[in-house]
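Trainee: predicted coordinates and the sequence they were generated for:
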Amino acid sequence: MATKIPGWNAAKPGISSKGWSMHVPSEVTGEIGKTVTLPCTFTHPHNTFDKTLTAIWRVKEPYNGTVVFQCVAHSSSDLCKATAGTKNRYKLLGNPRQNNLSLQIDSLAWNDSNRYFCRVEFSGDIHDKYESRMGLRLCLIGKGMLKPFFFKFPVAPPRIVNISVQTGQDHAFHARCTAEGEPLPTLTWTGPQSSNLTSVSSAVHQVTRELQHLAHDGKYTCTAVNSLGAAEGAVYFYKFKAGGSSWLLALLFVALGIKLLALVVILGVGACWKGDSFMVSNSLSRQPTRESPYENLSRRINSISQSLQERI
């Protein structure tokens, strides 16, 4: 239920404080990563209203809370155009002209857990504003979370969200493990001669433990435990060793050298074969043309007979 907020013009003719109401559930539960709908409907004392209408959703507190969504419709034929909360995660499902301000939130995250308040504003010839005073509570649960009737708050077994090996500013290798759960789980690292140097940081519903200065190759396991169960995640760490891999590099270079030498030999043989063929063809083309002995003899006889005739 909600009450009229300051700013309503009770003295305006034809306007009455009666007939205003807002209906929202006390609590809505959503799952992390999914979509949730926050229902909100209202009544007003006007038979019709086709002037500018504004729909608003706030968080934390009524009237002065942070606005997460707002849309404006200038006439009854216009859609309510979003002017705030335009991150594509908020969408007005209801039609404000039909007294429905229901809001949809996509891709839920832990920081969406809050108390939400819906509000409607009529402007133009009539200036009326109405907002839910108690609002509704959005409770979030993760995958595998349970919420039996006897729990006041959501509970969840632990779940490993992320596990990785990273290089820090000190150029050393560190293993990081992040887990979530309700109640917040306790994290421990195990591995080959694991170092006792760890650091812990926590956020809402999540905790991170970092295993610092990894020095030994092998499998490192992160275990998350709370009152509802346990979860494990593992990462494998192998440091690159230049001395141990030198023979591999040498073998690689030898193989490449052999291939290069074979290629040179093949190209050389091909070049020689082409050169010999060229020389043979040139020698054959350069051989002098031999005259027939019969042709030479006839030429001599003709020259002798010609000289005898000149003498006679």
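Mentor: Yep, it's here.

Trainee: quick one, strands of the stretch 201-312 of the chain?
Mentor: Along the stretch 201-312 of the chain, counting by DSSP state E, counting those that start in this stretch, strands occupy 206-211, 218-226, 229-237.

Trainee: list just the one of those that sits closest to residue 192.
Mentor: Comparison of these against residue 192 by C-beta to C-beta identifies strand 218-226 as nearest, at 3.7 Å. All C-beta spots, glycine's among them, are computed from the backbone N, C-alpha and C.

Trainee: and the closest one with strand 229-237, angle?
Mentor: Per axes from the mean of the first three to the mean of the last three C-alpha atoms, to 10 degrees, the angle that strand 218-226 makes with strand 229-237 is 160 degrees.

Trainee: helices or strands next to strand 218-226 in the packing?
Mentor: strand 156-167, strand 173-182, strand 186-190, strand 206-211, strand 229-237 (3 or more C-beta pairs under 8 Å, 6 or more residues apart in numbering; DSSP states H and E).

Trainee: same question for the first one, mean pLDDT?
Mentor: Yep, that's strand 156-167 we're talking about. In this model, strand 156-167 has a mean pLDDT of 87.

Trainee: in it, what counts as buried?
Mentor: 156-161, 163 (16 or more other C-beta atoms under 10 Å).

Trainee: kindly report the same for stretch 94-110.
Mentor: Neighbour-count burial for stretch 94-110 [16+ other C-beta under 10 Å]: 94, 96-97, 99, 101-103, 105, 108.

Trainee: which outside residues touch that stretch?
Mentor: Residues from elsewhere that reach stretch 94-110 (C-beta atoms under 8 Å, 6 or more residues apart in numbering): 30-44, 53, 55, 57, 69, 71, 73, 76, 80, 88-93, 112, 116, 118, 120, 138, 140, 203-206.

Trainee: show me which of the residues you listed are buried.
Mentor: Listed as buried from those are 30, 32, 36, 38-40, 42, 44, 53, 55, 57, 69, 71, 73, 80, 89-92, 112, 116, 118, 120, 138, 140, 205-206; burial here means 16+ other C-beta under 10 Å.

Trainee: break this protein into its domains for me.
Mentor: 3-141, 159-237, 243-286 (automatic domain parsing).

Trainee: which stretch in those has the least confidence?
Mentor: Here the lowest mean pLDDT among the domains of the chain goes to domain 243-286, at a mean of 67.

Trainee: thinking again about what came up before, out of the strands of the stretch 201-312 of the chain, nearest to residue 182?
Mentor: strand 218-226 (7.7 Å).

Trainee: what's the closest one in contact with?
Mentor: 157-160, 163, 165, 175, 177, 179, 181-192, 194, 207, 209, 211, 214, 230-237.
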